[in-house]
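Novice: Give the three-dimensional model of this entry:
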Amino acid sequence: MKGLTIRHADMDDLPACHTIEANCFPPAEAAWASSLRNRIELYPEGFLVAEWEGRVVAQVNSGATDKDDITDEEFKQLIGHDPEGRHMVIFSLSVHPDFQKRGIAGKLLANFIEHAGDMGKSDIKLLCKEELLPFYAHFGFTDDGLSSSTHGGAAWHAMSLRLQD
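Specialist: Numbers count the residues shown, from 1 in each chain. All right, here's what the predicted structure looks like:
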């Protein structure tokens, strides 16, 4: 998409990121503005936005850990987050509904994967709903099975992408 810029988020992006999150997830699943603020403040290197013609239209945010179990709800508040952790854990990848189906999510995810590799992370982990398994598989993620997470009352699959040993 011509004119698309991918960059690290800053505090000025918080309102747009919260709007995107609220438009892409049911209320029980969407991150609170305070959670997004925490993620920008505490781990800006794990929070990217896609900007098109000066407007933030998509986001991907994460934390890092050495733990293999990523279902801990407190981790989404970055409790237990370790910037030096070998696992990069995606909390949210979302594109504003007005900009979906244009390849933005794929470009943002590809950039995030490259960035995680540049940071020396060993892998990327995430939880997603069943309908998103093919999307992530396209980028090399493997389905590690149904997760024990019941976040928002939904069923979640654990997925992982090995970057390096």
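
Novice: Asp144 belongs to a strand, doesn't it?
Specialist: Yes: secondary structure of Asp144, determined by DSSP: H, G, I helix; E, B strand; the rest coil: located in a strand.

Novice: Let me know the secondary structure of the closest residue in space to it that isn't next to it in sequence.
Specialist: Spatial nearest neighbour of Asp144, chain neighbours left out: Ala158 (4.2 Å); criterion: CB to CB, 6 or more residues apart in numbering. C-beta coordinates here come from the backbone N, C-alpha and C atoms, glycine included. Secondary structure state of Ala158, per three-state DSSP, is strand.

Novice: wait, Ala158 sits on Leu127?
Specialist: Yes: here Ala158 reaches Leu127: they are 5.9 Å apart, a contact under CB atoms under 8 Å.

Novice: list residues touching both of these two?
Specialist: 70, 147 (CB atoms under 8 Å, 6 or more residues apart in numbering).

Novice: about what we covered before: residues touching the residue nearest to Asp144, list them.
Specialist: The contact partners of Ala158, by CB under 8 Å, 6+ apart, come to 70, 125-127, 143-147.

Novice: I'd like to know how far it sits from Phe139.
Specialist: 15 Å (CB to CB, to the nearest Å).

Novice: and what of Pro15?
Specialist: Pro15 is 29 Å from Phe139, by CB to CB.
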